[in-house]
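In: can't give you the sequence, but here's the structure:
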């Protein structure tokens, strides 16, 4: 069995919205395609989400110029509505997202296993940029 010693990375954002809205915008494909990009030259043209333990999600992430793209996908391992989403990506890495109410906001904390091809700082920045897009989209809708 392959030994996977991943570095764990944690990112966070405080989203000024109700828990119901944060959960809905995080999990529904019609919203995911609006915020799931690390930069303005990328987008997510389609997404699917079977939100249940054992269910699968996919997000097609592409450069807007068509030069590259990939499917980001995983299978849910644990779900607690309005609290926790945990999944395993197609390559075996783990991701956990916690949703915690804090006054008039929801603190979203995402912890993920870094892949080994790109620098950790680059991965942290990319995932944080996506989370920041989620925050902006959710707060401005």
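Out: Here it is on my side, so go on. This is a predicted model, so every value here is computed, not measured.

In: pLDDT weak spots in the protein?
Out: With pLDDT under 70 as the threshold, the chain has low-confidence stretches at 1-4.

In: Could you pick out the longest strand of it?
Out: Ranked by residue count and defined by DSSP state E, the top strand of the chain is strand 69-80.

In: and residue 106, how many neighbours?
Out: By other Cβ atoms under 10 Å, the residues close to residue 106 number 25. Backbone N, C-alpha and C define where each C-beta goes, glycine included.

In: my guess is it contacts residue 100, does it?
Out: Yes: at 6.9 Å, residue 106 and residue 100 qualify as touching, with contact defined as Cβ atoms under 8 Å.

In: And residue 125, how far from residue 54?
Out: Going from residue 125 to residue 54 by Cβ to Cβ, to the nearest Å gives 32 Å.

In: neighbour count winner among the two?
Out: Legend: neighbour count by other Cβ under 10 Å for residue 125 and residue 54, higher for residue 125 (12 against 9).

In: Alright, calling it a day.
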